[in-house]
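# Build the 3D model from these lines:
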Amino acid sequence: MMEEDLTRRLREADPATGLRAVGALRRLAERVEATHVKAAREAGWSWEQIGDALGVSRQSVHAKYAKNGASDV
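Numbering: from 1, shown residues only. I've put the predicted structure just below:
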C-alpha cells in the first residue's frame, strides 16, 4: 500500500531533513492561512465564520489576526 510505503520511508529518512520539511510546511501553512483570513475579512466574513472554517474559536483567530489590521476591513 502507498501509505505504508510512505510511512516506512519517512521512518528511514534523516530526522534533520524531516524536521526541516515540517518547519517549511508550517511556515507555508501560516502564510496560506493569513492570506485567506485577510480575504475572508475583506469579503465581510465574521471572526466566528472564519474560526468555524478553521476549526478554532472566533476568539483565537481574532487574537491571532486582529492585531495585523485584519479587523479593520
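# So residue 57 is in contact with residue 51, correct?
Yes. Using CB atoms under 8 Å, residue 57 is in contact with residue 51, at 5.3 Å. Backbone N, C-alpha and C define where each C-beta goes, glycine included.
# what packs against the host helix or strand of residue 25?
Following DSSP states H and E, the helix or strand that holds residue 25 is helix 15-42. Other elements packing on helix 15-42 under the criterion 3 or more CB pairs under 8 Å, 6 or more residues apart in numbering; DSSP states H and E are helix 47-54, helix 58-65.
# Low-confidence bits of the chain, can you list those?
Low-confidence segments of the chain (pLDDT under 70): 1, 68-73.
# which residue is nearest the middle of it?
residue 29 (3.9 Å; CA atoms, centre = their mean).
# Give me the distance between that residue and residue 9.
22 Å (CB to CB, to the nearest Å).
# and if you look at residue 2?
11 Å.
# Between those two, which is the more surrounded one?
Between residue 2 and residue 9, residue 9 has the larger neighbour count (other CB atoms under 10 Å), namely 9 against 6.
# Within the helices and strands, which one has that one?
Residue 9 belongs to helix 2-12, assigned by DSSP H and E.
# any residues touching that helix, and which ones?
residue 18 (CB atoms under 8 Å, 6 or more residues apart in numbering).
# Distance from the chain centre to it, please.
24 Å (CA atoms, centre = their mean, to the nearest Å).
# Which positions within that helix qualify as buried?
By neighbour count with 16 or more other CB atoms under 10 Å, helix 2-12 contains no buried residues.
# Grab the CA positions of that helix and hand them over as PDB.
Taking Å, rounded to 0.1, in the frame of the first residue of the first chain, the C-alpha atoms of helix 2-12 are listed here in PDB:
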ATOM      1  CA  MET A   2       1.200   3.500  -0.800                       C
ATOM      2  CA  GLU A   3       0.600   4.900   2.700                       C
ATOM      3  CA  GLU A   4       2.600   2.000   4.300                       C
ATOM      4  CA  ASP A   5       5.400   2.700   1.900                       C
ATOM      5  CA  LEU A   6       5.400   6.400   2.700                       C
ATOM      6  CA  THR A   7       5.400   5.700   6.500                       C
ATOM      7  CA  ARG A   8       8.300   3.300   6.100                       C
ATOM      8  CA  ARG A   9      10.300   5.800   4.000                       C
ATOM      9  CA  LEU A  10       9.600   8.600   6.500                       C
ATOM     10  CA  ARG A  11      10.900   6.500   9.400                       C
ATOM     11  CA  GLU A  12      14.100   5.700   7.400                       C
END
